[in-house]
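Participant: 3D model of this:
(2 chains)
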Amino acid sequence: GEDVEQSLFLSVREGDSSVINCTYTDSSSTYLYWYKQEPGAGLQLLTYIFSNMDMKQDQRLTVLLNKKDKHLSLRIADTQTGDSAIYFCAEGTSPKAGTALIFGKGTTLSVSS
Amino acid sequence: DTGVSQDPRHKITKRGQNVTFRCDPISEHNRLYWYRQTLGQGPEFLTYFQNEAQLEKSRLLSDRFSAERPKGSFSTLEIQRTEQGDSAMYLCASSLLTEGYTFGSGTRLTVV
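Facilitator: Below you'll find the model as predicted:
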């Protein structure tokens, strides 16, 4: 079945780069998403990438997609303490189809000063 | 409009009681989704509406769960005869046709 896997924890120092990795199984996924969840809050959409793209950059965020290996990564440059949160990778078909997203279990990013 | 609003933020109920949650999506969003998130897990899809039509339901949505969106605006999720296993964060999200979701802050349900 469909599955999304992420490492559970990542710890970095303030100012370093963070790289959060994700693998997925559904080859029909056309959209891959990164969400951020702070304690007690809902999920905030950070960025998403179409499956026909290899890379997308948005300010401090860089998403890399390797379709062959079904591997997605999120790089956060110059990581700040405010970036400490849980980061979820999710896969889905086109938003036009309105179908469900499949989420990973989340990676807890801890940023120390 | 400041985003997706969910009410209540927290609900504690006794096992066997019924509970109802409300979600107010972003006003121009025609799609509305319900997800459930348990501790240490990612959100799991429950159901989704396009306007007032419920178009998809997960097998997680047992017959004790019912969701409605009567006028294509706000939605309610009711859980009847709650069980301890229903304890979770219930997240609502809304979207336009071609964009990613916007999630609300969720309703945390604790069944004692």
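Participant: my read: A:Ser113 touches A:Gly15, true?
Facilitator: No - assessed by Cβ atoms under 8 Å, A:Ser113 is found out of contact with A:Gly15, at 9.1 Å. C-betas here are computed from N, CA, C, even on glycine.
Participant: the two: who's more crowded?
Facilitator: Looking at A:Ser113 and A:Gly15 with other Cβ atoms under 10 Å in any protein chain shown, you find the greater number of neighbours at A:Gly15, namely 11 against 7.
Participant: returning to that earlier point: which residues do A:Ser113 and A:Gly15 both contact?
Facilitator: Counting by Cβ atoms under 8 Å, 6 or more residues apart in numbering or on different chains, A:Ser113 and A:Gly15 have no common neighbour.
Participant: distance of the spatially most central residue of chain A relative to B:Gly100?
Facilitator: Central residue of chain A (Cα atoms, centre = their mean): A:Trp34, 3.4 Å from the mean position. A:Trp34 is 10 Å from B:Gly100, where distance means Cβ to Cβ, to the nearest Å.
Participant: give me the common contacts of these two.
Facilitator: Shared contacts of A:Trp34 and B:Gly100, counting by Cβ under 8 Å, 6+ apart, come down to A:Leu45, A:Tyr48.
Participant: name every strand pairing with the helix or strand bottoming out on mean pLDDT in chain A and say which way it goes.
Facilitator: Here the helix or strand of chain A ranked lowest by mean pLDDT, DSSP states H and E is strand A:43-50, holding a mean of 89. Here strand A:43-50 has these sheet partners by DSSP bridges: strand A:31-37 (antiparallel).
Participant: residues in contact with the partner strand?
Facilitator: A:20, A:22, A:24, A:43-51, A:61, A:63, A:65, A:72, A:74, A:85-95, A:101, A:103, A:106, B:100, B:103.
Participant: just stretch B:36-53 next, same as before
Facilitator: Contacts of stretch B:36-53 (Cβ under 8 Å, 6+ apart): A:4, A:43, A:88, A:90, A:98-106, B:30-35, B:54-58, B:60-61, B:65, B:67, B:69-72, B:75, B:77, B:87-91, B:106.
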